[in-house]
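# Using only what follows, build the 3D model:
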Amino acid sequence: MDFIDQLKQFSKRVESLTGSIQTEEATKTAIIMPFFSMLGYDVFNPQEFVPEFTADVGIKKGEKVDYAIIQDGTPVILIECKSITENLERHDSQLFRYFGTTPAKFAILTNGIFYRFYTDLEDANKMDKDPFLTINILDIRDNQVPELKKFCKSVFDIDSIFSTASELKYAHEFKNIFTAQLEDPSDDFLRFFLQGCYSGPKTQNVMEKFRPTLK
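This next block holds a predicted model:
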């Protein structure tokens, strides 16, 4: 079965389970572990998929991240899990602390539906504030499939993923900025268009006249 078909099948399974899952443990067992199993990892092998991985933070010893994926004896991906009922917006700070204490290059924050992929593009060994890839398992876009496939065990390569992470991250940021400008054009955005088609003075009255047209 092709990877995209596996994803579609898994998505349907998750959709059928969402109403019956209420806790973090149930989310891990029913959705998150099967997700990483689909990516080819042996989730029952503690030498490859380590639960409660210790990530000491400063003077706080014994801090544990939910899972760590191990490659050649070294953690390469940290995974922090939340209940399917929780919003992920408030939980990236915990993963941020763990990231700097291990050699792992990638971190994933998930509630079983959304998977946020992080790395350290802006400052080495310091997890970026924003993910370079966010996947909604119930609504996966076609262009996200090959990016997610790079995290499969059989093809996982740190350098390859890291080299495309920057492009993914900033393409996403550019889209967000452009979307915001379409909804509420700034003066600079409006001037950019007027420079190419309006030769008169760009007074504030002129700007306000054309702003609805651009919008």
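# Got the phi and psi for the closest residue to Met1 other than its chain neighbours?
Nearest non-adjacent residue to Met1, counting by CB to CB, 6 or more residues apart in numbering: Gln9, 7.7 Å away. C-beta: built from backbone N, CA, C; applies to glycine. Main-chain dihedrals, Gln9, degrees, to the nearest 10: phi -60, psi -40.
# show me the residues around Leu17 that make contact.
Ala30, Ile31 (CB atoms under 8 Å, 6 or more residues apart in numbering).
# Just give me how far the helix or strand where it lies sits from the chain centre.
Per DSSP states H and E, Leu17 falls inside helix 3-17. For helix 3-17, the separation from the chain centroid amounts to 19 Å (computed by CA atoms, centre = their mean, to the nearest Å).
# That one: what's the following helix or strand?
Defined by DSSP H and E, the subsequent element after helix 3-17 is helix 24-27.
# Going along the chain from that following helix, find the next helix or strand for me.
Helix 24-27 is succeeded, C-terminally, by helix 33-38 (DSSP H and E).
# any idea of the mean pLDDT for that next one?
Per-residue pLDDT values over helix 33-38 give a mean of 96.
# for it, packing partners?
Applying 3 or more CB pairs under 8 Å, 6 or more residues apart in numbering; DSSP states H and E, one finds that helix 33-38 contacts helix 3-17.
# what comes up buried for the helix it packs on?
Residues of helix 3-17 classed as buried: Phe3, Leu7, Phe10, Ser11, Val14, Leu17 (neighbour count, 16 or more other CB atoms under 10 Å).
# Residues contacting the helix or strand bottoming out on mean pLDDT in the chain, please?
None of the helices or strands of the chain scores lower by mean pLDDT, DSSP states H and E than helix 92-99, at a mean of 76. Outside helix 92-99, the residues within contact range by CB under 8 Å, 6+ apart are 55, 57, 63, 65, 78, 80, 107, 109, 116, 118, 120, 125-127, 129.
# Relative to Gln144, which of these is nearest.
Of all the contacts of helix 92-99, Gln144 sits closest to Arg116, with 12.5 Å by CB to CB.
# Now the helix holding Leu17 - C-alpha only, CSV.
Only the C-alpha atoms of helix 3-17 are listed here, as CSV (Å, rounded to 0.1, in the frame of the first residue of the first chain):
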residue,chain,number,x,y,z
PHE,A,3,2.1,5.9,1.8
ILE,A,4,-0.7,8.2,0.8
ASP,A,5,-3.2,5.4,0.9
GLN,A,6,-1.9,4.5,4.4
LEU,A,7,-2.5,8.1,5.4
LYS,A,8,-6.0,8.2,4.1
GLN,A,9,-6.8,4.9,5.8
PHE,A,10,-5.3,6.2,9.1
SER,A,11,-7.2,9.5,8.8
LYS,A,12,-10.5,7.6,8.5
ARG,A,13,-9.6,5.5,11.5
VAL,A,14,-8.8,8.6,13.6
GLU,A,15,-12.1,10.3,12.5
SER,A,16,-14.1,7.3,13.7
LEU,A,17,-12.3,7.4,17.1
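# Report the mean confidence score over that helix.
93.
# same check, this time on stretch 45-53
93.
# and what of stretch 111-125?
Mean predicted confidence for stretch 111-125 is 91.
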